[in-house]
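Peer 1: sequence plus predicted model, see below.
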Amino acid sequence: MGMPTYAEYLVVSDFNPNDDTQYSSLEVAILSRYPLTNAVEFDRGTDGDSRSGCLTERKQKRVNLDGIADVGVGRGFLAADGPALGRIVAVTHLKSSSDRSGDVDCDNTLKRELVAAAMAWHVAAWLDENPGLTAVVGGNLNVDETNGYDDTHALLARGLVDGLRLRSLTRELGNTSDDTPGDRAFPYPRVGAIDVPSVGAARASLSKSGRY
């Protein structure tokens, strides 16, 4: 990607509970020019790995909201502090729609919303404890913001989880993909971004600045 060759700081998830097949569950990573601290991997189930160099694991919370199902999902999220920049970072790769939408995508929707709600709950709590920091949240959410049936983005942006209201940096982009007529290479043309970075601050900061 043409990045300069400076010292990087890297944390990588390992969502697979079987240590014989590490790093095989659509992992995510945080790469930074600046030190990363307090890195935690949030899983639906933890494997209790205590080997040197392994990330701290915590069980991913099922947020008690109407519509958040108690479903099995092999995805989670990764979070870390970037104290030099006053940032907290959380990233994920949610379940894909497998070229489906609406009611026929219900099972995948429930899995996406489960992880999105857990990530929102964690980020909201983190900001409340550290009101001077800014949250940067992102990843492949695998559904665009204007799909009309999935609440993944709403859980991060509309105050549904402990008042958290992150601002999407891609919402105004509009269509990010298009299809060559007739070739069916991209089955859902004219949709918005699914790789979405969002930013936000603690609720007290939000009310003072009015920025987000």
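Peer 2: Ah, there it is.
Peer 1: after the longest helix along the chain, next one along is what?
Peer 2: In the chain, taking DSSP state H as the definition, the longest helix is helix 106-129. Sequence-wise, the next helix or strand downstream of helix 106-129 (DSSP states H and E) is strand 134-140.
Peer 1: give me the nearest residue to Ala84, chain neighbours excluded.
Peer 2: Tyr34 (4.0 Å; CB to CB, 6 or more residues apart in numbering). Just so you know, the C-beta spots here come from the backbone N, C-alpha and C atoms, and that holds for glycine as well.
Peer 1: I'd say that neighbour and Gly82 touch.
Peer 2: Yes. Applying CB atoms under 8 Å, one finds Tyr34 in contact with Gly82, separated by 5.7 Å.
Peer 1: please enumerate residues in contact with the one helix or strand Val40 maps to?
Peer 2: Element membership of Val40 [criterion: DSSP H and E] is strand 37-43. Here strand 37-43 makes contact (CB atoms under 8 Å, 6 or more residues apart in numbering) with 11, 13-15, 17, 30, 55-61, 76-83, 118-119, 122.
Peer 1: quick one, which of these are buried?
Peer 2: Buried by 16 or more other CB atoms under 10 Å: 11, 13-15, 17, 30, 57, 60-61, 76-82, 118-119, 122, out of the contacts of strand 37-43.
Peer 1: where does pLDDT dip in the chain?
Peer 2: For the chain, residues meeting the criterion pLDDT under 70 lie at 1-7, 17-25, 46-53, 99, 174-191, 203-212.
Peer 1: could you pull out the helices for the chain?
Peer 2: For the chain, helices defined by DSSP H occupy the ranges 106-129, 152-157, 203-209.
Peer 1: any chance of these in CSV with distance to Leu173 as columns?
Peer 2: Formatted as CSV, the helices of the chain follow (distance: least, CB to CB, whole Å):
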stretch, distance to Leu173
helix 106-129, 20
helix 152-157, 13
helix 203-209, 23
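Peer 1: just name the most buried of these.
Peer 2: Comparing those by mean neighbour count (mean count of other CB atoms under 10 Å), helix 152-157 comes out on top with a mean of 24.
Peer 1: off-centre distance for it?
Peer 2: Put simply, helix 152-157 sits 10 Å off its chain's centre (CA atoms, centre = their mean, to the nearest Å).
Peer 1: CA atoms of that helix as CSV?
Peer 2: Extracted in CSV, the C-alpha atoms of helix 152-157 (Å, rounded to 0.1, in the frame of the first residue of the first chain):
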residue,chain,number,x,y,z
THR,A,152,-26.6,-2.9,12.5
HIS,A,153,-25.8,0.7,11.7
ALA,A,154,-28.6,2.1,13.9
LEU,A,155,-27.2,0.3,16.9
LEU,A,156,-23.9,2.3,16.5
ALA,A,157,-25.4,5.6,15.5
